[in-house]
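Enquirer: sequence plus predicted model, see below.
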Amino acid sequence: MVRAPSVDKNGVKKGAWSEEEDNKLRAYVLRYGHWNWRQLPKFAGLSRCGKSCRLRWMNYLKPGVRRGKYTIEEEDLIIKLHEQYGNRWSAIAAKLPGRTDNDIKNHWHTHLKKRNKQTQLSERSQNMDDADQNEQSSAMSTSGSSTDQKREMDPNASAADSLDAYTDISSLSCDSTLFDCVDWVADDSNSSVESLTEPFESFWTEPFALDTSFSNYISVDPWLPSTEEEFLYPFSSFLDDGIDCFHELNNRKGDD
DNA sequence: AACGCTATCAACCGCTTTAGC
DNA sequence: AGCTAAAGCGGTTGATAGCGT
């Protein structure tokens, strides 16, 4: 399923990532952040190009990345968002916490494109049937109450219904609530799907509750280096936003 | 069992955008 | 304003799992 590992003429490794490489990258980024993707592999002791590291982190290793089966609600939302944004996968991914643009893009091409086509075809034939029926009996009233029917009738209902799956922040991993959801809301400020952000208003207005489960992540991960010496230390001023949080938590943990 | 075909998805590539000077 | 480097993004590729014949 993955490309065979290989090394190019510059000594840069390509192809599938080994567990060891994953652990190195994860440990490094969690400790120092991604202050410069191009330089990062050198400091982290990886024979990879920065692009490859970034991609691996963003799509696979980043805390909060959700993998696996898509729910019907997610698929409906993707289809709806695709109608709105087209192939702007990063914009679509911003509305689905924990899902990456690459993952959504793959899922679209392998599942939803077909499903969407079929839906459109069936809707078209349904519309033709409806037109026929209207000709025969314009007085007949229609009644439909299923969620699917509601979605077809009201695109906004679709988005709102789908969002129910995401308003339960607790269903996400602790990491995603602090990282991805913040991005999600922040990116959305000018979106025309404003309703999608509403459930997160409380995120901003309520007092910040420190989620100490971060520190569990750090202490549990056996691949996080126990000493600074295991990695080349970059420039502290480059430390990434979210990583400051890790340091903060680590320090607090140390204080306790 | 063996083969071919299809589906899947991680990873790559190249173009565009953004930031810094 | 123009240049350069870095980051981001979307399209595409390729290995392999799984299914049908």
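Expert: Perfect, thanks for sending it. Numbers count the residues shown, from 1 in each chain, chains lettered A, B, ... in the order given.
Enquirer: return the residues of the stretch 101-250 of chain A in contact with DNA strand B.
Expert: The stretch 101-250 of chain A has residues A:Asn102, A:Asp103, A:Lys105, A:Asn106, A:His107, A:His109, A:Thr110, A:His111 near DNA strand B, with proximity defined as C-beta under 7 Å from any atom of the strand. In short, each C-beta sits where N, CA and C put it, glycine included.
Enquirer: in a helix, the fourth one, correct?
Expert: Right, the one you point to is A:Asn106. Yes. Judged by DSSP: H, G, I helix; E, B strand; the rest coil, A:Asn106 forms part of a helix.
Enquirer: quick one: low-confidence parts of the stretch 1-150 of chain A?
Expert: Of all residues in the stretch 1-150 of chain A, those with pLDDT under 70 make up the ranges A:1-2, A:115-124, A:128-150.
Enquirer: mind redoing it with 90?
Expert: For the stretch 1-150 of chain A, the stretches with pLDDT under 90 are A:1-52, A:54-56, A:58-150.
Enquirer: strands of that one, start to end?
Expert: Per DSSP state E, counting those that start in this stretch, the stretch 1-150 of chain A carries strands over the ranges A:6-7, A:13-14.
Enquirer: of these, which is nearest DNA strand B?
Expert: strand A:13-14 (3.5 Å; C-beta to the nearest atom of the strand).
Enquirer: which elements pack onto the closest one?
Expert: Packing partners of strand A:13-14 (3 or more C-beta pairs under 8 Å, 6 or more residues apart in numbering; DSSP states H and E): strand A:6-7.
Enquirer: does the strand it packs on come close to DNA strand B?
Expert: No. Against DNA strand B, strand A:6-7 shows no contacts by C-beta under 7 Å from any atom of the strand, the least distance being 8.1 Å.
Enquirer: partner strands of that strand, with direction?
Expert: Take DSSP bridges as the rule and strand A:6-7 pairs in its sheet with strand A:13-14 (antiparallel).
Enquirer: just the helices in the stretch 1-150 of chain A please.
Expert: A:19-32, A:40-44, A:50-56, A:72-85, A:89-93, A:101-107, A:113-136, A:147-153 (DSSP state H, counting those that start in this stretch).
Enquirer: which positions within the third one qualify as buried?
Expert: Going by neighbour count (16 or more other C-beta atoms under 10 Å), the buried part of helix A:50-56 is A:Gly50, A:Ser52, A:Cys53, A:Arg54, A:Leu55, A:Arg56.
Enquirer: count the residues that sit near the nearest residue in space to the last one that is not next to it in sequence.
Expert: To tie it back to what came earlier, the one meant is A:Arg56. Spatial nearest neighbour of A:Arg56, excluding adjacent residues (C-beta to C-beta, 6 or more residues apart in numbering): A:Trp17 at 5.6 Å. Neighbours of A:Trp17 under the rule other C-beta atoms under 10 Å: 22.
Enquirer: any idea how far A:Leu55 is from A:Trp17?
Expert: As judged by C-beta to C-beta, to the nearest Å, A:Trp17 and A:Leu55 stand 10 Å apart.
Enquirer: so what sits against both of the two?
Expert: Counting by C-beta atoms under 8 Å, 6 or more residues apart in numbering, no residue touches both A:Trp17 and A:Leu55.
Enquirer: many thanks, have a good one.
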